[in-house]
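Novice: here is my input, please return the structure:
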Amino acid sequence: MLHRTAALMGLTLLLSATTMMSACSDNSPGAALDAGADAAPDAAHNPPNPLGLGPAPVDLGATTDVAAPGSYVLLAKTGITNVTGSSITGGNLGVSPAAASFITGFALTSDSTNVFATSTSVVTPGKVFASNYAVPTPSNLTTAVLGMQTAYIDAAGRTNPDSVNLASGNLAGLTLAPGLYRWGTGVTIPDDVTISGSAADVWIFQISNDVDLSSAKRVNLAGGALAKNIFWQVAGQVTIHANAHFEGIILSKTAITLQTTATLHGRALAQSLIAIDDNAVTAP
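Specialist: From the prediction side, this is the model:
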């Protein structure tokens, strides 16, 4: 009888220990979320911002390096179309591997070296580059596009988000603090949204589908937040409807469309097509 009692006690202790170990080793997404703000960041996949709140920024390279995505206001792989008007300020426009013939509506004027072109829609000192221009433009653009894709992968690969599926993807009326946000769906902005934080803070938005900003609505900044520190990693397409205003760096796996007189303070970096129509796009 004593042996049986001891055996039962031993089994009880073993089951209890197994349960505790299972709880401690729970790696499910739910467990990570339950840990909340006290959870240690995954330094390998989501390094912290060394200067402020939120994650470390996504590296786009120098704004003065034409081989870096950070020097482009608009950068696309398959083409950039402009219906009319438009003013691209604070950087360059580039297309690769598509040729210059896939840059339409800009009335391009080739430089005597054929290394770049100019356009009245691309404010000086900004230039237009295409894969079929003279050396070193083809290799510079190849490097810039690879950098754009690397930046997308970096943003998409950050782990331990501060928020998952916030408001089911409807950001209308929200104020977003610095951090890493993830949505397993698309994101809609049917009314104004505010991004609030200091000039040193960073936001990364991981979005598994499309982003849609409704007509005449705005992404606003508050508290000193800067567009250059806001990264929208979008697996689908981004549509900024007529007369709307958007802030931040758009890293899109597919297309980016700015409808009539919409404005963007940031960069549009697309792994397919960019379509604009009488828009003001200004580098952050």
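
Novice: element containing residue 65?
Specialist: Element membership of residue 65 [criterion: DSSP states H and E] is none; it lies in no helix or strand.

Novice: should've said residue 266
Specialist: Using DSSP H and E, residue 266 falls in strand 263-270.

Novice: tell me which helix or strand of this structure sits lowest on mean pLDDT?
Specialist: Sorted by mean pLDDT, DSSP states H and E, the helices and strands of the chain end with helix 29-35, the least confident at a mean of 30.

Novice: from residue 204, how far out is the nearest residue to residue 164 once chain neighbours are set aside?
Specialist: In this structure, residue 164 finds its nearest non-sequential neighbour in residue 182, 5.1 Å apart by C-beta to C-beta, 6 or more residues apart in numbering. The way it works is simple: take the backbone N, C-alpha and C, and place the C-beta from them, glycine included. Residue 182 sits 9 Å away from residue 204, going by C-beta to C-beta, to the nearest Å.

Novice: the more surrounded of those two?
Specialist: residue 204 (29 against 21; other C-beta atoms under 10 Å).

Novice: and the residue nearest to residue 164, what is it in contact with?
Specialist: 161, 163, 164, 165, 206 (C-beta atoms under 8 Å, 6 or more residues apart in numbering).

Novice: which secondary structure elements does the helix or strand that the least confident helix or strand of the chain is followed by contact?
Specialist: Per DSSP H and E, the first helix or strand lying C-terminal to helix 29-35 is strand 72-76. On a contact count with 3 or more C-beta pairs under 8 Å, 6 or more residues apart in numbering; DSSP states H and E, strand 72-76 meets strand 87-89, strand 92-95, helix 137-157, strand 263-270, strand 273-276, strand 280-282.

Novice: contact partners of the helix or strand following strand 72-76?
Specialist: Next helix or strand after strand 72-76 toward the C-terminus (DSSP H and E): strand 79-82. With contacts defined as C-beta under 8 Å, 6+ apart, strand 79-82 is touched by 74, 93, 95, 98, 102-106, 121, 273-277.

Novice: and with 6 Å instead?
Specialist: Residues external to strand 79-82 that are found in contact with it (C-beta atoms under 6 Å, 6 or more residues apart in numbering): 74, 95, 98, 102, 103, 104, 105, 106, 273, 274, 275, 276.

Novice: and which of those residues is nearest residue 140?
Specialist: residue 95 (12.4 Å; C-beta to C-beta).

Novice: which residues does the closest one bridge with?
Specialist: Beta-bridge pairing of residue 95 under DSSP bridges involves residue 76, residue 130.

Novice: I am finished for the moment; much appreciated.
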